[in-house]
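Got a sequence here, can you build the structure:
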Amino acid sequence: MGANPMTWITALSAGAGVFDRMRQSENQAAWSEYSAGLAEAEAKAKEYEAEEEAGELRKKSAKELARQRALFSKRGVRLEGSPLLVLKETAGEAEQDIQERKREAALESALKRSKAGMLRLKAGEERKTGILKTGRTLLTGIERTMNSYGRQGRRIFIGRR
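Here you go, the predicted structure:
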């Protein structure tokens, strides 16, 4: 004697549930991977931005030093002693600003890369969790199918009841 229609419906429902669980977990993992890629891109953009900003700061510093030298020369001041110290101090302050900006950008970039790493770990965990949930859905579906089929005669249980 063949299975009744409810048994087939139960089996198809279990199959659909398994497929849906797999799709959900893969979508969540893909979203985490995508977010990790965005975080990596943001980190690279921060590094590039910091390099560009450092270049601009160096240009401004060079212009300021050239302006100061021109003023000293125009007034007939030699570049030794106090005027030279002023130029050195100006250059030193500019380089400190550049290095500070680079440190800030490196920290921001490291945080973004750390976030990307965590998101990649999360994606892996979502895949593993999805496999476990899919397995649970499959076993539950098998149990329901067997119980539906068993209603024609003997009742079969899998797991807790």
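
residues near residue 66, how many?
By the criterion of other CB atoms under 10 Å, residue 66 has 10 neighbours. Every residue, glycine included, has its C-beta placed from N, CA and C.

Before we move on, what's the pLDDT of it?
For residue 66, the pLDDT comes out at 85.

contacting residues around it?
Residue 66 makes no contacts at all, as judged by CB atoms under 8 Å, 6 or more residues apart in numbering.

just checking, next helix/strand downstream of the strand or helix carrying it?
According to DSSP states H and E, residue 66 maps onto helix 5-74. Next helix or strand after helix 5-74 toward the C-terminus (DSSP H and E): helix 82-150.

what mean pLDDT does that next one have?
Helix 82-150 comes out at a mean pLDDT of 85.

and it with helix 5-74, angle?
For helix 82-150 against helix 5-74, the angle by axes from the mean of the first three to the mean of the last three CA atoms, to 10 degrees is 180 degrees.

which strands and helices sit next to helix 82-150?
helix 5-74 (3 or more CB pairs under 8 Å, 6 or more residues apart in numbering; DSSP states H and E).

centre of the chain versus the helix it packs on, how much separation?
Remark: helix 5-74 is offset 6 Å from the chain centroid, using CA atoms, centre = their mean, to the nearest Å.

Likewise for stretch 135-143?
That offset, for stretch 135-143, works out to 34 Å (CA atoms, centre = their mean).

What residues of it count as buried?
137, 138, 141, 142, 143 (16 or more other CB atoms under 10 Å).

do stretch 53-64 as well
Buried residues in stretch 53-64, defined by neighbour count with 16+ other CB under 10 Å: 53, 54, 57, 61.

How about stretch 71-80?
Buried-residue list, stretch 71-80, by 16+ other CB under 10 Å: residue 72.

ok, so of the buried residues of stretch 135-143, who is nearest residue 102?
residue 137 (51.3 Å; CB to CB).

separation between the closest one and residue 8?
Taking CB to CB, to the nearest Å as the criterion, residue 137 is separated from residue 8 by 18 Å.

ok, now residue 38?
Taken as CB to CB, the span from residue 38 to residue 8 is 45 Å.
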